[in-house]
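Trainee: fold the following for me, if possible:
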Amino acid sequence: PRLYSISSSPKVHPGEIHLTIAIVKYNNFDRDRYGLATGHLAKEVEVNKTKIPVYVQPTKAFILPKDKSKDIIMVGPGTGIAPFRAFIEHRKATEATGRNWLFFGEVNQDSTFFYNDEWAEYMKGGNLDKLTTAFSRDQEDKIYVQHRLLSNAKEIWKWLENGAYFYVCGDKNRMAKDVHSTLIKIVTDYGGYSADDAKDFVEKRMMKEEKRYLRDVY
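Mentor: As a prediction, the model looks like this:
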């Protein structure tokens, strides 16, 4: 089995499951090779014809707050954007009043700005309050989501202080670690905490006690 985050809300797309998948492609011994699952989906599936066995594995932790008035901050670079598309769809469909702030990072704005048109519509309709992007190759110095978090640190702290939920989805080896360190730094710099107390605030209070720092990393 291959596990993918669902990028659609059942309230908006009943009977459907949307996925956001990066195709694994590489060259080995002068041959182009593809990931077993992503290659099959990209090259061998005929839309509305090929049957693909699927099962849904519910997540118990990576979910929206029950209180619809709570603000949420979402950090989802690359295909990590998947669950946040579902989140925004669901928040709009259920008329949630909390604010929504999305951080998205990729390589180039012109080629890899996933769901760009949808985000624009959500911004226009007031369902997405803030959209902060980081396209790493669009300028000489590489910019990633953690840099954008730092540049918005003061406002992020205000949201967190007000009870906002903080979500991260995507690469666990580098991105999630960098975002985690950045979050601790934000709490240190703007919350008036020592480095150790800020770490406790993030890892004990937000993650374990209040369960409002949630991660879906792989």
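
Trainee: residues contacting the residue nearest in space to the middle of the chain?
Mentor: The central residue of the chain, meaning the one whose C-alpha is nearest the mean C-alpha position (C-alpha atoms, centre = their mean), is Gly76 at 2.6 Å. In this structure, Gly76 makes contact with Ala82, Pro83, Phe84, Leu102, Phe103, Phe104, Tyr167, Val168, Cys169, Gly170, judged by C-beta atoms under 8 Å, 6 or more residues apart in numbering. Bear in mind the C-beta positions are built from the backbone N, C-alpha and C, glycine included.

Trainee: report pLDDT for it.
Mentor: Predicted confidence (pLDDT) for Gly76: 96.

Trainee: also the one 3 residues further on?
Mentor: On pLDDT, Thr79 comes in at 96.

Trainee: I'd guessed it sits against Ala22; true?
Mentor: Yes - counting by C-beta atoms under 8 Å, Thr79 does reach Ala22; the two are 5.0 Å apart.

Trainee: can you select the buried ones from the contacts of Gly76 in ChimeraX?
Mentor: Only the buried members of those end up in this ChimeraX selection, burial being decided by 16 or more other C-beta atoms under 10 Å:
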select :82,83,84,102,103,104,167,168,169,170
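
Trainee: and the furthest pair within the contacts of Gly76?
Mentor: Using C-beta to C-beta, the contacts of Gly76 reach their maximum pairwise distance at Ala82 and Phe103, which is 14.3 Å.
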